[in-house]
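Chemist: for reference, the sequence and a predicted model appear below.
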Protein chains: 2
Amino acid sequence: MRTSAQSKKRLLNHGIRPSLHRIAIMDYLMLNRTHPTSDTIFNDLNPKIPTLSKTTVYNTVKLLTERKAILSINIDEKNQRYDSNIEQHAHFRCKDCGVIYDIMIDELHVSYSEKGTEKFVITDTEISYKGFCEPCNPSN
Amino acid sequence: MRTSAQSKKRLLNHGIRPSLHRIAIMDYLMLNRTHPTSDTIFNDLNPKIPTLSKTTVYNTVKLLTERKAILSINIDEKNQRYDSNIEQHAHFRCKDCGVIYDIMIDELHVSYSEKGTEKFVITDTEISYKGFCEPCNPSN
DNA sequence: TTCAATTTTGTATTGATTACAAATTTAATT
DNA sequence: AATTAAATTTGTAATCAATACAAAATTGAA
């Protein structure tokens, strides 16, 4: 299946009307698993799709995130990052080169004791690591 | 031990010269475990310390974070939050009321398989949950 | 084709954070 | 107490990601 067909399906599965721009943005995220910012998405797509506006990218990633068609990641203090991989996984960001790596989680057991008597309904979980990747490891 | 004495100690332990403003900000974070923003810290302290400037709050929390005297938390897309609790723990943010709760982690086992052959030196770990707290639970 | 609803655009605005140079404070030394 | 260099703080201006909003374009059902 071509990527754009997958993208369209993903959009429809999440109740989002598959306009051409939305498909293009979803496609981009499917093919570029680099956790890009909205700005990066815009800059990379704009040459190919001159009618695309930056606001549309912002609108679209917001909508995709709300409908859980993609993940929004808070690992970078400056910008919001986006990820088409909606499987359970964590992220690692290198403090030196800035690259964000996926970390597949086989198993995650968190046993926690709540502070008071609060009961929480958890809808989103985000696990982020920071440090140095192998190429940037200062002790190498 | 009075809080300000504790605060001073914390600063010294992390190689930070304990100026009055720095102690005041550290004190505030020790006493207000609400994960405030820089702006909130400034607005709460300014009436009592009229000579305090907003830039100093930003400078100070940045320094405190770099030296690991406090934690900087990315759970809120809009603002950076700060936490004087540097023990291992996670956070939960209610999507309705916005309150950020501490979640004490007794035990955390994450077994993960890396994507490629990358080896990471992990220096920081952040675990964030979102959802609804008991008072805001829509199914209550 | 018509027309209302949806999507997109482009500009203006917001708002958190940072840059930076001047002013102030600190603390060690005379 | 005075001197002085270093550290800290101030206050304004600038940056820049993200949003608001109204006009324009597009879509799709009737």
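Modeler: Sure, I can see it. Quick caveat, the model's predicted, so the values are computed rather than measured.

Chemist: any idea whether residue A:6 is helix, strand or coil?
Modeler: Under the three-state scheme (DSSP: H, G, I helix; E, B strand; the rest coil), residue A:6 adopts helix.

Chemist: what about it, distance to residue B:2?
Modeler: 61 Å (Cβ to Cβ, to the nearest Å). All C-beta spots, glycine's among them, are computed from the backbone N, C-alpha and C.

Chemist: between the two, which one's more packed in?
Modeler: Each of residue A:6 and residue B:2 has its neighbours counted (other Cβ atoms under 10 Å in any protein chain shown); residue A:6 has more, 15 against 8.

Chemist: now that one. Nearest residue, chain neighbours left out?
Modeler: Spatial nearest neighbour of residue A:6, chain neighbours left out: residue A:30 (6.4 Å); criterion: Cβ to Cβ, 6 or more residues apart in numbering or on different chains.

Chemist: wait, isn't that neighbour in contact with residue A:85?
Modeler: No - checked against Cβ atoms under 8 Å, the pair residue A:30 and residue A:85 is beyond contact range at 9.1 Å.

Chemist: which residues touch the residue nearest to residue A:6?
Modeler: Applying Cβ atoms under 8 Å, 6 or more residues apart in numbering or on different chains to residue A:30 gives the contacts A:3, A:6-7, A:10, A:84.

Chemist: nearest to residue A:69 among the residues you listed?
Modeler: For these, the residue nearest residue A:69 by Cβ to Cβ is residue A:10; the value is 5.6 Å.

Chemist: report pLDDT for that closest one.
Modeler: As summarised for this prediction, residue A:10 has a pLDDT of 96.

Chemist: so residue A:35 is in which element?
Modeler: Under the criterion DSSP states H and E, no helix or strand holds residue A:35.

Chemist: now residue A:41
Modeler: Assigned by DSSP H and E, residue A:41 falls in helix A:38-45.

Chemist: what comes up buried for that helix?
Modeler: Buried residues in helix A:38-45, defined by neighbour count with 16 or more other Cβ atoms under 10 Å in any protein chain shown: A:38, A:40-42, A:45.

Chemist: just those that are near DNA strand D?
Modeler: Restricting those to those near DNA strand D by Cβ under 7 Å from any atom of the strand leaves residue A:38.

Chemist: name the nearest of the buried residues of helix A:38-45 relative to residue B:133.
Modeler: residue A:38 (29.8 Å).

Chemist: how many residues are close by residue A:25?
Modeler: So residue A:25, with other Cβ under 10 Å, has 29 neighbours.

Chemist: scratch that, residue A:5
Modeler: Neighbours around residue A:5, by other Cβ under 10 Å: 11.

Chemist: circling back to that earlier point, and the contacts of residue A:30, which of them are buried?
Modeler: Here, 16+ other Cβ under 10 Å leaves A:7, A:10, A:84 buried among those.
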